[in-house]
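Asks: task: produce atomic coordinates for the following.
(chains A and B)
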Amino acid sequence: MMEPKEKETTQISLLDRFRKSWFPAAAVVGAFGAFVAAAFRVRPIPKPTVQPAQAAGARKPSQPAVKSAPPAGGLDREYVQSMVLGGAASAHPFGRSLSGIAIGAGDRIYALGDDEVTIFEPGGNPVRNWKVIEKAECLAVGTDGRVYVGASGRVEIYDAEGTRAGGFVAGENNRPAAITAIKVFGKEILVADAAARFIRRYDGNGRQLGTIGTKSKAGKFILPNKSLDFDMDSKGVVRATDTGRHQVTAWAMDGSPLGSFGKFGMNNPEDFVGCCNPVNLALTPDGKVVTGEKMVARVKVYEPGGKLLAVIGPEHFDPNCIHIHLAVDSKGRILAADPVRREIRIFSLAVKVGVNEPFGGPRPLIDWKFEELKRA
Amino acid sequence: MSERSTRREFIDRSCRILGFVAIGGAAGLLTRRATGNAVFQVDPFKCTACDLCRTSCVLSHSAVKAVNDFDKCGYCMLCPAYYDVTSRPDEKGIPAGKVCPQDALKRRVVGKVDEDDPNNNYYEYIIDETRCDGCGKCVKACKPPAGNGSLRLEIRYSQCLECNECAIMIACPDLAIARVPTPGMPPTKSP
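Replies: Numbering: from 1, shown residues only, chains lettered A, B, ... in the order given. Next comes the predicted model:
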């Protein structure tokens, strides 16, 4: 009876001795340390061999200083801000996006944002809104009240009440149009295709009638920023942005070039800054050219020949704007949509007595624009 | 007595086995991490091109290089990352100065070439990595709204020493250096 007991006691004491000894714990810790060392491959950090004085890491503003102020003596025209639509604090803010504006009959303002078209009265009161195709980038309004919305490779048509009335595919089958602007002229729909780098003319059924911008020396617009904007006057003269050349170009409806103005420059406000400007364009009822620029977010007004008339400075826009969508109503008010702040700023012409004759002749001292400003 | 002893032994062995499994698993994970597929890289969305990549890298010629994303690039004639647009223009109206102090940003005409009017041409911009020291001046100049934002800084794995603690990561004020898995990295097109 005694033998097995002694045997058991011996076994337990050996096991306990081994368990209580330092060896297993040290072995485990050592193995773990070796694994960690191997895993992180610990080695001393060598000291940097270059420590020049410029290492201070001082950050400079990314935008260069550009003269945006008008020259001494001022310009011929002056615009004052009369209204802001859709800002964050307004009753009808744009929540996610603001990607286009247009003017319809009765100077109603059509805004494209948040995948909706919203119609405002000229005074800013909203009339109605409706959902449109997703990722729409631009819109236009016909004289019959139809709304044309451009998304990637497709033009959607809505009637005045917002019901879908048709649509067509723009571009070629293997290369859909990157539609960045639409305008309606009579029964024709003109579509700016930034992928093909020219303007396409369509009839109401979506049949392509011709192109504009292909009869130049380069054969296409030069568009480093992948954006093409244009507008047309009542005579059918198309004016388009040629951003890579820093020019505003004029074209007949048959596609033949009529001329251009503009050049690169950082110091003269008449010139266009940066890599690719102007990015946006609209025409006033009296034929003046309104341009929107990026890098220095500003709006400028030119004579059709290229003489600078007015500058609406960068203080009105977010400096990160890569677009300022433009429209001009029948009274000459400039509507500029800032897609970063998601607001539409409306600028009215302030008349300079004896200098300004904005709509084809001298005007009385008390102009309707001042009356409008007082009302606002 | 013998029953109690067996239970103790069983619990003891079980704990040991579990402990060894846990240690082994942790070691395996760490070994996998070390052998492989994680590298230091610049997050282009956080990077502000502050110039510390050039000065903080332990290498005399920083392992950080500018790369151009050709899908984003506008192929501009007047590239704001190539020309110092604020410099005095020459007789043709083109800025005389260049942005890169090392002259590492090279360009060549692509597509149809108009020798009379350079404004009609598209230009492909390539970084000479033997010259680029990762100062980021071109990256900063290309950021929107001035440019399309096609230039960014990247750590070149072939040159990176894989320091235990990347000296640039320690210096970066924007926390733009991170350890990322290698296979997920987008390919770069710089030569």
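Asks: please count neighbours and contacts with C-alpha atoms only from this point.
Replies: Noted.
Asks: quick one: low-confidence parts of chain B?
Replies: Scanning chain B for pLDDT under 70 picks out B:1-5, B:31-37, B:182-191.
Asks: what about the residue nearest in space to the middle of it, which SS state?
Replies: Centroid-nearest residue in chain B, with C-alpha atoms, centre = their mean: B:Glu154, separated by 1.7 Å. Secondary structure for B:Glu154, judged by DSSP: H, G, I helix; E, B strand; the rest coil, is strand.
Asks: list the contacts of the closest residue in space to A:Gly171 that isn't next to it in sequence.
Replies: Using C-alpha to C-alpha, 6 or more residues apart in numbering or on different chains and skipping the chain neighbours, the partner closest in space to A:Gly171 is A:Ala177 (4.4 Å). A:Ala177 makes contact with A:Ser152, A:Gly153, A:Arg154, A:Ala170, A:Gly171, A:Asp193, A:Ala194, A:Ala195, A:Ala196, according to C-alpha atoms under 8 Å, 6 or more residues apart in numbering or on different chains.
Asks: which of the residues you listed fall within strands?
Replies: Judged by DSSP state E, the subset of the contacts of A:Ala177 located in strands is A:Arg154, A:Gly171, A:Asp193.
Asks: was I right about A:Gly244 contacting A:Lys220?
Replies: No - judged on C-alpha atoms under 8 Å, A:Gly244 makes no contact with A:Lys220 at a distance of 11.0 Å.
Asks: residue 132 - how many residues pack around it?
Replies: This is for chain A. 22 (other C-alpha atoms under 10 Å in any protein chain shown).
Asks: think we crossed wires, I meant chain B
Replies: 23.
Asks: if we can go back for a sec, what bridges to the residue nearest to the centre of chain B?
Replies: In this entry, B:Glu154 is beta-bridged to B:Lys65, by DSSP bridges.
Asks: can you pull the contacts of it?
Replies: Contacts of B:Glu154 (C-alpha under 8 Å, 6+ apart): B:Gln41, B:Val42, B:Val64, B:Lys65, B:Ala66, B:Val67.
Asks: so where's chain A shaky on pLDDT?
Replies: In chain A, residues with pLDDT under 70: A:1-24, A:26-27, A:30, A:33-73, A:351-376.
Asks: show me where it has its helices.
Replies: A:2-20, A:23-40, A:368-375 (DSSP state H).
Asks: hmm, who's touching stretch A:250-267?
Replies: Counting by C-alpha under 8 Å, 6+ apart, A:66-68, A:210-216, A:236-240, A:245-249, A:270-274, A:305-306, B:85-86, B:93 sit against stretch A:250-267.
Asks: just the buried residues of those residues.
Replies: By neighbour count, with 16 or more other C-alpha atoms under 10 Å in any protein chain shown, those hold A:66, A:68, A:211-214, A:237-240, A:245-249, A:270-274, A:306, B:85-86 as buried.
Asks: mind checking which of these land in strands?
Replies: A:Thr211, A:Ile212, A:Val238, A:Arg239, A:Ala240, A:Gln247, A:Val248, A:Thr249.
Asks: the fourth one contacts A:Met232, correct?
Replies: In other words, A:Arg239. Yes - using C-alpha under 8 Å, A:Arg239 is in contact with A:Met232, at 6.0 Å.
Asks: and B:Cys53, which of the three is it?
Replies: helix.
Asks: gap between it and A:Gly206?
Replies: Going from B:Cys53 to A:Gly206 by C-alpha to C-alpha, to the nearest Å gives 53 Å.
Asks: quick one, strands of the stretch 251-376 of chain A?
Replies: A:257-261, A:280-283, A:289-293, A:298-302, A:308-312, A:325-328, A:334-338, A:343-350 (DSSP state E, counting those that start in this stretch).
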